[in-house]
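Participant: Provide a 3D model corresponding to the input given below.
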Amino acid sequence: MAEKVRSVEYYYATIPDEPGTGSKVLAQLQQAGVNLLACLAFPSEKGKTQIDVVPENAVALKEAAGKAGVKLTGPRKAFLVQGDDRVGAVADVMRKLGEARINITAAAAAAAGSGRYGMVLWVAQGDHAKAAKALGA
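Facilitator: Below you'll find the model as predicted:
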């Protein structure tokens with residue numbers, strides 16, 4: 001099976017880089033019934049963490065974040081890639097962007113078990129439409 005690539009909207013919040021803060025934010029979204037297709041957190045500025053979330057339902061995310069006092073930035077665009085895991089799966093996707101002369105801003109990929117993998121891929125927002133064409137999204 002070929003990869004399924006789709007354009008997705010993501011939002012991010014900057015939160016204190018302290019034990020349990022990310023867990024608290026995600027628990028509040030969980031309690032509100034917000035399903036996340038992807039989540040990635042990483043250090044940003046000193047003492048802060050950026051948490052990126054790709055919601056299944058953006059309206060539900062924004063409502064839940066507002067009630068929880070979490071300030072979101074977005075929407076911004078990224079790509080969600082899902083497919084059968086194989087040697088070179090990520091390289092093949094990235095090659096398409098390289099051949100189209102599109103720089104990858106960031107990527108996160110993981111085996112999902114049962115022979116599947118997933119990846120979130122970011123390009124400059126100005127390159128999103130060109131990347132969508134290159135990836136068949």
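
Participant: Domains of this structure: list them as residue ranges, please.
Facilitator: Split into domains by automatic domain parsing, the chain comes to 10-75, 77-135.

Participant: what about the helices in the chain?
Facilitator: Taking DSSP state H as the criterion, the chain contains helices spanning 21-31, 58-68, 89-99, 128-135.

Participant: Mean neighbour count and mean pLDDT for those - can I get that in a markdown table?
Facilitator: Any C-beta I mention is one placed from the backbone N, CA and C, and that applies to glycine too. Below are these laid out as a markdown table (neighbours: other C-beta atoms under 10 Å; pLDDT from 0 to 100):
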| stretch | mean neighbour count | mean pLDDT |
| --- | --- | --- |
| helix 21-31 | 15 | 93 |
| helix 58-68 | 16 | 94 |
| helix 89-99 | 15 | 95 |
| helix 128-135 | 17 | 97 |
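
Participant: Spit out the contact partners of Cys39.
Facilitator: 26, 51-54 (C-beta atoms under 8 Å, 6 or more residues apart in numbering).

Participant: In strands, which of the residues you listed fall?
Facilitator: Among the contacts of Cys39, the ones falling in strands (DSSP state E) are 51-54.

Participant: Alright, calling it a day.
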